[in-house]
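Chemist: Sharing a sequence plus its predicted fold:
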Amino acid sequence: TTLGGIVVDDSGNPISGVRVAVRAEDRMPGPGADPQPRVSSWLTDSFDQPTIVTDASGKWQIDNAPPPTDDNDIEFFLKVEHADYVSDTMWGELQREQGVTAADLRRGDARLVLSSGVRVSGIVVDSDGEPIDHGWVVWNDQPYWASGEFESPIESGGRFKTPPLPPGEHPLTVVAPDWQAERRIVTVTKGMEQLRFELDPGRRLEIHVVDQAGDPIPDARVYIDERQGWRGVGSLHNQKHSGVPDYGIPRRPDENGVYVWDWAPADAVTFSIGGKGFASQTVTLVPKDAPHIIELAPRLVATGSVSDAETGEPLQTFRAIPVIVFRPNFFVTPFRHTVVGRDGNYELPLQGSANDDDS
């Protein structure tokens with residue numbers, strides 16, 4: 001069946017070239033439920049599904065939507081984007097604000113209004129007023145987890161410009177290699193003046209990652225917490241992700257287990273530090289003259305035996321799977337950590353724990 005609509009500006013004029021992504025509600029049955037047919041949730045931008053853009057009259061349409069169900073209709077989510085207008089930062093954002101329903105979409109007259117917004121511009125300089133012409137300006141506190149692009153490059157002369165943002169308060173973080181990151185809350189209004197960010201030189205943060213014997217762990221990983229690693233937000237990150245730039249913040253120590261970040265901020269950063277065969281450790285660190293020594297404990301391993309209850313003979317092949325108890329009656333089974341037991345014996349590494357009291 002078909003879904004469709006029209007996209008217009010604040011004056012009611014149609015906007016062409018708006019990218020419209022469409023997703024259907026995923027009604028996956030709960031654990032233990034009888035298997036039921038499922039709808040393909042990606043109706044555009046996936047495999048052989050087309051990318052949809054509005055035509056000269058601002059209209060769009062798809063013809064691969066699942067039909068209504070007998071009891072209640074499927075919910076559909078839109079994500080619209082245009083370089084010259086305020087776009088969705090998450091699925092269904094503008095759709096919900098403007099009350100667009102599944103019935104509107106099925107009739108083909110779903111109307112979405114895009115605002116021109118405000119492009120925030122400015123300049124990034126050092127303490128001497130000289131322009132810094134590399135790096136990014138980030139206008140989302142959780143870009144690693146958000147869907148879309150939330151970074152504008154700093155260009156020649158230290159100048160930057162964001163896409164249109166809606167009026168109101170927005171977090172802006174400046175990340176430039178060799179310099180300390182800076183974050184501030186900016187009130188975005190029409191006709192606002194250009195911003196000026198003055199960055200201080202980066203600080204040296206050195207971490208020595210060792211085992212309990214004091215020997216270096218060269219293949220360790222040193223990841224900034226991607227949700228609230230710096231100032232309680234995730235705009236500063238160093239994990240690989242297809243949706244965010246690589247800021248150039250180191251991820252691993254050298255062959256001597258020495259990790260160096262030469263342009264760290266002066267305030268605290270929270271890291272998750274771990275390595276193969278070792279339990280991860282969460283630490284909050286600030287730059288200092290001496291290196292931080294982080295000692296990793298070996299990962300706990302559960303071992304045991306499994307036998308046939310009737311014969312007492314060991315089972316030749318079976319699976320052992322950890323179950324994490326976050327709190328009473330809240331269990332999670334990470335099947336990706338399954339191991340195969342043989343000849344009645346198993347060894348099951350317990351991921352991320354070095355505490356004998358952990359469940």
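Modeler: Nice, I can see it.
Chemist: Going by C-alpha atoms from here, please, whenever you check contacts or count neighbours.
Modeler: OK.
Chemist: wait, what's in contact with residue 21?
Modeler: 43, 44, 45, 51, 52, 78, 79, 80 (C-alpha atoms under 8 Å, 6 or more residues apart in numbering).
Chemist: and the residues you listed, which of them are in strands?
Modeler: 52, 78, 79, 80 (DSSP state E).
Chemist: For the residues you listed, give me CSV that also has distance to residue 126, pLDDT and neighbour count.
Modeler: As requested, the ones in strands among the contacts of residue 21 are exported to CSV (distance: C-alpha to C-alpha, whole Å; pLDDT from 0 to 100; neighbours: other C-alpha atoms under 10 Å):
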residue, distance to residue 126, pLDDT, neighbour count
52, 43, 95, 18
78, 42, 96, 18
79, 38, 94, 20
80, 37, 95, 25
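Chemist: Looking at the residues you listed, which is nearest residue 9?
Modeler: Using C-alpha to C-alpha, residue 80 is the member of the ones in strands among the contacts of residue 21 that sits closest to residue 9, with 12.9 Å.
Chemist: where exactly do the strands run in the stretch 251-359 of the chain?
Modeler: Using DSSP state E, counting those that start in this stretch, the strands of the stretch 251-359 of the chain run over 258-264, 269-275, 278-285, 292-295, 301-305, 317-320, 324-327, 330-332, 339-342, 345-349.
Chemist: Worst mean pLDDT among these?
Modeler: Among the strands of the stretch 251-359 of the chain, strand 324-327 carries the lowest mean pLDDT, at a mean of 81.
Chemist: which secondary structure elements does that strand contact?
Modeler: Applying 3 or more C-alpha pairs under 8 Å, 6 or more residues apart in numbering; DSSP states H and E, one finds that strand 324-327 contacts strand 330-332.
Chemist: The strand it packs on: how far from the chain's middle?
Modeler: 23 Å (C-alpha atoms, centre = their mean, to the nearest Å).
Chemist: strands paired with it, and their directions?
Modeler: In the sheet, strand 330-332 lines up against strand 324-327 (antiparallel) (DSSP bridges).
Chemist: Give me the contact list for the partner strand.
Modeler: Outside strand 324-327, the residues that reach it (C-alpha under 8 Å, 6+ apart) are 331, 332, 333, 334, 359.
Chemist: What of stretch 234-241?
Modeler: 138, 140-144, 173, 175, 223-230, 246-251.
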